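Colleague: Mind looking at a prediction? Sequence and model below.
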Amino acid sequence: MDRQSGGFWRVTFSSLKVPNYRRYFLGQSVSLIGTWMQMAAQSWLVLTLTHSSTYLGLTVALQTLPVLLLGPYGGVIADRSDKRRLMVGLQIAMGVQALVLGLLTVFGAVRFWQVCVLAVLLGLNNAFENSARQSFVQEMVGKGELRNAITLNSVTVNAARAIGPGVGGVLIATVGIGICFLLNAASYVAVVASLLLLDRSALRPSPPAPRAPHQLRQGLAYAAGVPTIAVPLAMMALVGLLAYEFQVTLPVFAAHTFHSGSEAYGFMTAATGVGAVIGGLFTAARGRTGLRSMVVAATGFGIAMLLSAYAPAFALACVGLLFVGWASVSFIAIGNSTIQLSARPDMRGRVVALWQVAFQGTTPIGGPLVGWIIAQSDPRTGIAVGGLACLVAAGGAVLFHRRRAAAAAAAPVADAAGPGTVAAEPGTGPAAGADSGTSGTVR
């Protein structure tokens, strides 16, 4: 690639040459800024109402519990449905949720139990919208640009993470928390409009899966039987459980460790987002998938979290969080690309749903657990536990690859034994754990 001639940037943003995806990308960019502003404001609202990291963890858990319980079924619905139409309805419902929370807060009527109820309603929407949204990407861009588009989606999320909480911190300090929720409600207009304005003739819809019994069970069995899906899911389950609890750790890290207010929390979240944008752009340009790249990203993620956890000064913690963001978005993008490119079209919604369960659905357990760890010790320990989880996930993947490589090396000996022996499955040979820049299988 000729980076001096602009080749780096052409490769990095290659999926934006697709008009439908470009339109969708712009709508999502606006909406996600509002989403991250609301997430930061909601965490600060709960902390203001309860003064408790445990209740903060409980709120996050309630918002993600529906993903754990209903996320796999959301994948079945996505595989059966017109994904664009399903997304339009669910995005409108999420905008109404934000509007109600904003009005309650602005008029001084908000109570903790109301925040919890609205968090559950938002989680119900997410349980069905996540699978449809992520599996819809390939229908817009095709298989050739899928990896790049997934990574750019992650970049967009984390660019919004850099902007939204920073803006939210300023708004909280000047005009109040409720305005953040109202602006988020308005931002849903952009994403709904982008979906309605897509050129439907240019989409590549997957044929809807016919209704049949045991489709959820079939999806679980399919994912468990494909190593390039099962291993990333297992890694994300552990990392998602303990490392991606930033809504719980960062507000308390800012308030209790560095004795600062909402502005410091906004800076911390923004630092994570800026690092994620930079890391995401490099990941988009490199176009890597596979277990080896996931191991590298998980290892970097763990080390960065440990360094951030024990940074002696606020500025150094923010520098560490830049690298946390870089590694975290690389881990997400590589894992998501690997499983989607490995999945059959009729199973993609269910596979993506399992990824979301591993990522967000573990939060009902991990959020309160990390909140409890912080309450029993301190915020530094809560962040450090997440870093250790990343390193354990990386080590587990390496161990799996070594055992699989040893089994593959022994396969020719079995084949030489004569008729009646079972040959190795396609894709399970000696190089199955390496990266591939051109396909979704791990080679």
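Modeller: It's in. Numbers count the residues shown, from 1 in each chain.

Colleague: C-alpha only now, for contacts and for neighbours.
Modeller: Noted.

Colleague: what about the closest residue to L281 other than its chain neighbours, neighbour count?
Modeller: Spatial nearest neighbour of L281, excluding adjacent residues (C-alpha to C-alpha, 6 or more residues apart in numbering): T12 at 6.3 Å. By the criterion of other C-alpha atoms under 10 Å, T12 has 21 neighbours.

Colleague: Help me confirm that T12 comes into contact with F282.
Modeller: Yes - shown here, T12 and F282 form a contact pair, counting by C-alpha atoms under 8 Å, at 7.4 Å.

Colleague: on that earlier part again, which ones are touching the residue nearest to L281?
Modeller: Counting by C-alpha atoms under 8 Å, 6 or more residues apart in numbering, T12 touches 148, 281-282, 284-285.

Colleague: Out of those residues, name the two that are farthest from one another.
Modeller: N148 and F282 (10.7 Å; C-alpha to C-alpha).

Colleague: roughly how far apart are I373 and Q114?
Modeller: I373 is 26 Å from Q114, where distance means C-alpha to C-alpha, to the nearest Å.

Colleague: between the two, who's got more neighbours?
Modeller: Using other C-alpha under 10 Å as the criterion, I373 and Q114 rank with I373 on top: 19 against 14.

Colleague: quick check: longest helix of this structure.
Modeller: Taking DSSP state H as the criterion, the chain has its longest helix at helix 379-415.

Colleague: so what does that helix touch, helix or strand wise?
Modeller: When contacts are defined as 3 or more C-alpha pairs under 8 Å, 6 or more residues apart in numbering; DSSP states H and E, helix 379-415 sits against helix 227-242, helix 246-252, helix 291-309, helix 363-376.

Colleague: Can you list the buried residues in it?
Modeller: Neighbour-count burial for helix 379-415 flags 379-395, 397-398, 400-401, 404-405, 408, 411 (criterion: 16 or more other C-alpha atoms under 10 Å).

Colleague: Also stretch 334-352?
Modeller: Under the neighbour-count criterion of 16+ other C-alpha under 10 Å, stretch 334-352 has 334-343, 345-352 buried.

Colleague: Could you work out the end-to-end span of that stretch for me?
Modeller: By C-alpha to C-alpha, the extent of stretch 334-352 from end to end equals 13 Å.

Colleague: residues near the closest residue to N148 other than its chain neighbours, how many?
Modeller: When the adjacent residues along the chain are set aside, N148 lies closest to A284, with 5.2 Å between them (C-alpha to C-alpha, 6+ apart). Using other C-alpha under 10 Å, the number of residues around A284 comes to 28.

Colleague: Next: P207.
Modeller: Neighbour tally, P207, other C-alpha under 10 Å: 12.

Colleague: Which of the three states applies to it?
Modeller: At P207 the chain is in coil, as set by DSSP: H, G, I helix; E, B strand; the rest coil.

Colleague: For it, what are phi and psi?
Modeller: For P207, the backbone dihedrals (degrees, to the nearest 10) come out as phi -60, psi 130.

Colleague: That one contacts D346, correct?
Modeller: Yes - if you go by C-alpha under 8 Å, P207 and D346 touch, sitting 7.3 Å apart.

Colleague: Quickly list what's touching both of those two.
Modeller: Common neighbours of P207 and D346 (criterion: C-alpha under 8 Å, 6+ apart): none identified.

Colleague: about what we covered before: of N148 and F282, which one has the most company?
Modeller: Neighbours around N148 and F282, counted as other C-alpha under 10 Å, are more numerous at N148. The numbers are 28 against 17.

Colleague: before we move on, which element is the more buried one in?
Modeller: According to DSSP states H and E, N148 maps onto helix 146-174.

Colleague: That helix: which residues count as buried?
Modeller: Neighbour-count burial for helix 146-174, with 16+ other C-alpha under 10 Å as criterion, is recorded at 146-172.
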